[in-house]
Structures are given as C-alpha cells and as structure tokens.
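Participant: Show me how the following folds:
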Amino acid sequence: MLLGLRTDRQVTQNLITYFSFLLIAWIGSLYGQAITGDHAFLRVWNGQNLLLMLIGVPFLWLQAQANLPHFFEKSVSNKNRFLIPALVGMIFGILDILVIKVLLHPEPYTELPPYLQPFPYSLFLFFSGAFEIEVFYRLIPLTVFLTFGAWYQKGKHLNTIFWIAAILTSLREPLEQLPSGSFLLICYSLGTGFLMNLLQAIYFKNSGFLASLSVRLGHYLFWHILLGIYVEIVELG
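Facilitator: Residues are numbered from 1 along each chain as shown. So this is what the prediction gives:
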C-alpha cells in the first residue's frame, strides 16, 4: 500500500514537472510571436509544437515498469540528477565553440545566424528545444525499449536491450544534423554528437529524464545561449 502511494506521488511529480516545462514552452512561444517582426530568422514554437509534446505524457507512468528512475527519484542525488550531467553538457558546448566558431568561423558574423537567437528569448526557445529533443529521443523510445526489455523473459536481456536502444537512439541526432563541409568536420560532428547522446542515454537510465535533459541544457547554455550573447554584444555591437 505504501509503495503504491509512493509510486503515485512520483508519477504526480513527473506530471507536474512535465506540464511546468510545457508552460515555459508556451510562454516562450507567446514571447516569440510578440517579437517575430523585429528579428530575422526567429524560430518560434506554435500550437502544433505544444500539442505534439503531449505524446510524451503516457510514458510518465511507465518509468518504474521500465526500471527507470522517476524524475525526482529519492535514490538519485541532485548532484547526479543536475550538476554532473550539466557539467558534461557544458564540456561539449565549449568544445563546439572552440572547434566550430573559433577555428572554423573566426570572422565576425554580420547578422545573428539561425542557430543563435536573440537574448533573452534564446532562454525560452532553447529550453523548449532541449525539452522536445529529450522527449522524442530519450523519454519515448528508451521507455518503450526498456519496458519491453523488463517484460521479455522477465528482464533476462534488459541490459543488452538497453545498449542496443542507447546506440540506435544516439545515432539519430548526429545523422540528422550531419553538416556539409570537410571530412574532419563531419567526423567531429558525428563523433561528438554520438558520444553526447550516448552519455545522455546512460544518464537517463541511471538518473532519470531530468539528468539527460541537464546534459543538453548544459550544452545549449554555451553553444546556443552564451555564444549568442557574445555575437550580439561583441560582433554585432
């Protein structure tokens, strides 16, 4: 009975957190619509984006069945849920800046490129973007794989199924976003993209959805937000 109440409370926490993130995305979409005429290449969420995010809601009930931590699982420390994953993401963000901006594009931008957005709107957009990617690249597919793995032969092959799922889902983003350019740039993008996604899958399994989201937010903080502020203030004046 107590275990059931505890599980219900954890699912409720999952739902409250998830819909809080949706609220942030909705506020960001309203903000973007209000300033869309003032900026070129402004990326704005619409109602369809928000509705699509509801697809992830049923999977919030399946975390325990898939042997995954709930969002605020008590056995997972906040250090492993937020701090360390965010620091890992920051390393990838700094590395991207050094390679892509400093080495490959040292000349100043003459306008804000599409992968950067005006601050403080960038806080809303890239939080929403990170949330969306983690729902469709981690929460949904890994929960499905691991729920099946926990059921199939009573979990005998759960670890093997996890690694298959982790590798497959980790290849998706770097293959979808493979850049044009030199062979070395393609190798760098594929290698770092795969490695970061693989680490996110591991954090997702061990520390839950918020840990994988923290990795991406750490990356976006440097690669999208702080770099965008630098370009706006220093290069565009």
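Participant: just for the protein, where's the confidence low?
Facilitator: Counting by pLDDT under 70, the low-confidence segments of the chain come to 1-6.
Participant: Run through the helices of it in chain order.
Facilitator: Ranges of helices in the chain, per DSSP state H, are 2-35, 47-52, 78, 84-96, 121-134, 140-151, 158-176, 183-207, 209-220, 227-230.
Participant: Using CSV, please lay out these together with mean neighbour count and distance to G237.
Facilitator: Every C-beta, even on glycine, is put in place using the N, C-alpha and C of the backbone. Below are the helices of the chain laid out as CSV (neighbours: other CB atoms under 10 Å; distance: least, CB to CB, whole Å):
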stretch, mean neighbour count, distance to G237
helix 2-35, 15, 19
helix 47-52, 12, 33
helix 78, 12, 40
helix 84-96, 19, 24
helix 121-134, 21, 18
helix 140-151, 19, 43
helix 158-176, 16, 34
helix 183-207, 18, 29
helix 209-220, 26, 24
helix 227-230, 18, 12
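Participant: Put together a markdown table for those helices, with distance to P108 on each row.
Facilitator: Formatted as a markdown table, these follow (distance: least, CB to CB, whole Å):
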| stretch | distance to P108 |
| --- | --- |
| helix 2-35 | 24 |
| helix 47-52 | 32 |
| helix 78 | 39 |
| helix 84-96 | 18 |
| helix 121-134 | 19 |
| helix 140-151 | 40 |
| helix 158-176 | 28 |
| helix 183-207 | 20 |
| helix 209-220 | 22 |
| helix 227-230 | 10 |
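Participant: Out of those, the one nearest L104 is which?
Facilitator: helix 183-207 (6.9 Å; CB to CB).
Participant: tell me the angle that closest one makes with helix 140-151.
Facilitator: Between helix 183-207 and helix 140-151, the angle comes out at 50 degrees (axes from the mean of the first three to the mean of the last three CA atoms, to 10 degrees).
Participant: what angle do helix 183-207 and helix 84-96 make?
Facilitator: Here helix 183-207 points in a direction 180 degrees away from that of helix 84-96 (the same axes, to 10 degrees).
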